[in-house]
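J.: make a model of this:
(2 chains)
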Amino acid sequence: DSGVTQTPKHLITATGQRVTLRCSPRSGDLSVYWYQQSLDQGLQFLIQYYNGEERAKGNILERFSAQQFPDLHSELNLSSLELGDSALYFCASSRRPRGGETQYFGPGTRLLVL
Amino acid sequence: AQKITQAQTEISVVEKEDVTLDCVYETRDTTYYLFWYKQPPSGELVFLIRRNSFDEQNEISGRYSWNFQKSTSSFNFTITASQVVDSAVYFCALSEAYETSYDKVIFGPGTSLSVIP
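T.: This is a model prediction of the structure:
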């Protein structure tokens, strides 16, 4: 158990809908990352937050957004969902937003868009 | 640009055999970190090891060992006396270490290991 929690574990929805994925980092970790894992793209970095502020963006679509709250939990919002958004979404956390820090991953949310 | 190559897409071994997973990386940085993660069939990503570019000392932890060679840009992972529970996808990853860059982690495509009883 990494100490990172994600809810829900599974999510099934329809195209055009909007969903929110939730992540709680390990105790003491200030940095949260979101990743998308799909069969064709592999593991891709989406976005990073540190202590409530966006720190870096990766391959995140404009239809996706995220935020980190004062209690450090984070939410990833996916809107106008398409079939291709079906994937495993991981949240990870680390102590500091510094290169080389080990990122600990949550169990993931498996999203299926029908 | 940073890149991780895991040439072995799938490996099958019989239980108790030793198996080595290859990882070759590319980076222009002189300071960097390398990681191995394991993703069992249940789906979670499990951290295994982190190694910085200044520490080429190889490590053994139980049945696991890692061979880091800067001269060949390789960071290979060996499982000794494999067990069925080792069946998983193994990812090699690379991270820059500069303060000014965000801690971007690049993952390789993964190697799927099947240990057959």
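J.: please make it C-alpha for all contacts and neighbour counts, starting now.
T.: Fine.
J.: just give me the residue right at the centre of chain A.
T.: In chain A, the centroid-proximal residue (C-alpha atoms, centre = their mean) is A:Trp34; its distance is 3.0 Å.
J.: which residues does it contact?
T.: Each residue near A:Trp34 by C-alpha atoms under 8 Å, 6 or more residues apart in numbering or on different chains is listed here: A:45-48, A:76, A:89-92.
J.: in which helix or strand would I find it?
T.: strand A:31-38 (DSSP states H and E).
J.: parallel or antiparallel, which strands does that strand pair with?
T.: Within its sheet, strand A:31-38 is paired with strand A:42-50 (antiparallel), strand A:87-94 (antiparallel), according to DSSP bridges.
J.: how far out from the middle of the chain is that strand?
T.: Distance, stretch centre to chain centre, for strand A:31-38: 4 Å (C-alpha atoms, centre = their mean, to the nearest Å).
J.: dump that strand to CSV, restricted to CA.
T.: What follows is strand A:31-38, C-alpha atoms only, in CSV (Å, rounded to 0.1, in the frame of the first residue of the first chain):
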residue,chain,number,x,y,z
SER,A,31,3.1,17.4,-4.7
VAL,A,32,0.4,15.5,-6.7
TYR,A,33,0.7,14.2,-10.3
TRP,A,34,-1.9,12.8,-12.7
TYR,A,35,-1.1,10.2,-15.3
GLN,A,36,-3.1,8.5,-18.0
GLN,A,37,-2.3,5.0,-19.0
SER,A,38,-3.7,3.7,-22.2
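J.: state the mean pLDDT of that strand.
T.: Throughout strand A:31-38, pLDDT has a mean value of 93.
J.: buried residues in that strand, which are they?
T.: Judged by neighbour count using 16 or more other C-alpha atoms under 10 Å in any protein chain shown, the buried positions of strand A:31-38 are A:31-37.
J.: just checking, B:Ser53 touches B:Tyr32?
T.: Yes. Contact between B:Ser53 and B:Tyr32 holds when scored by C-alpha atoms under 8 Å: they sit 5.3 Å apart.
J.: would a markdown table of the contacts of A:Trp34 with neighbour count be doable?
T.: Output for the contacts of A:Trp34, formatted as a markdown table (neighbours: other C-alpha atoms under 10 Å in any protein chain shown):
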| residue | neighbour count |
| --- | --- |
| A:Phe45 | 22 |
| A:Leu46 | 22 |
| A:Ile47 | 24 |
| A:Gln48 | 28 |
| A:Leu76 | 20 |
| A:Tyr89 | 24 |
| A:Phe90 | 28 |
| A:Cys91 | 31 |
| A:Ala92 | 28 |
